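Novice: The sequence and its predicted three-dimensional model are supplied below.
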Amino acid sequence: MKRPTFASAVAGCIAVAAFVTDQATKALASANAEALAGGLGVFPGFNLVLHRNSGVSFGMLSDVSPFILVALAMVIAAWLAVLAFRTERSSDAVGYGLILGGAIGNVADRVRFGGVTDFLDFYIGESHWPAFNLADTAIFFGVVVLLFWPRRHLRGQNEAT
């Protein structure tokens, strides 16, 4: 069995940090449910709201059993954990850690509440982006890191040769 690398330790730490931050902010939003019920304006273009999403991104698959969504997310999380454990590149570890922590944060909500707690509401005029949370943000930035950080690294290698 392969021993954990520095990169896999980075992935684990980032996953834990993303999970804890996500759960703490969701608990804070839930604790202030009354204040957020109608939306709380923070600044133009941004509100805090409290919404429970029983589906996945943008409410898709809301008619699917939470058990199936949890099972699917756990399979994906296991696969990401294997990738994080095997990686030797810190950039990949950051991406895997962010995605893993965010995915597990949303799974925890699904198991406890049957849906994901969303509370960030960005809008322009009357057009609102679907509400989301910090787990979703971690997943998004994890994907961005995996897609673009390695390319920057490879571009630097190509310029050196």
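Specialist: The structure has been received and is ready for your questions. Note that the coordinates shown come from a computational prediction; the quantities given were computed from them, not determined experimentally.

Novice: and the closest residue to Asn53 other than its chain neighbours, what is it in contact with?
Specialist: The spatially closest residue to Asn53, leaving aside those adjacent along the chain, is Val116, at 4.7 Å (CB to CB, 6 or more residues apart in numbering). All C-beta atoms are positioned from the backbone trio N, CA, C, and that covers glycine. By CB atoms under 8 Å, 6 or more residues apart in numbering, Val116 lies in contact with 52-54, 106, 109-110, 133, 135.

Novice: Not counting its neighbours along the chain, what's nearest Val16?
Specialist: Nearest-residue entry for Val16: Gly101, 6.6 Å, with adjacent residues in sequence omitted and distances by CB to CB, 6+ apart.

Novice: got the contact list for that neighbour?
Specialist: 14-19, 22, 135, 138.

Novice: hmm, which of those are the buried ones?
Specialist: The neighbour-count criterion (16 or more other CB atoms under 10 Å) marks 14-15, 18-19, 22, 135, 138 among the contacts of Gly101 as buried.

Novice: for the residues you listed, which one is nearest Arg86?
Specialist: Of all the buried ones among the contacts of Gly101, the one with the least separation from Arg86 (CB to CB) is Ala15, at 14.8 Å.

Novice: Could you pull out the strands in the protein for me?
Specialist: For the chain, strands defined by DSSP state E occupy the ranges 40-43, 46-53, 116-124, 127-128.

Novice: Show me what counts as buried in the longest one.
Specialist: What that stands for is strand 116-124. In strand 116-124, counting by 16+ other CB under 10 Å, buried: 116-121.

Novice: Kindly report the same for the first one.
Specialist: Burial within strand 40-43, assessed by neighbour count using 16+ other CB under 10 Å, is assigned to Leu40.

Novice: what lines up beside that strand in the sheet?
Specialist: Taking DSSP bridges as the criterion, strand 40-43 sits next to strand 46-53 (antiparallel) in its sheet.

Novice: Give me the angle between the partner strand and strand 116-124.
Specialist: Between strand 46-53 and strand 116-124, the angle formed by their directions is 140 degrees, by axes from the mean of the first three to the mean of the last three CA atoms, to 10 degrees.
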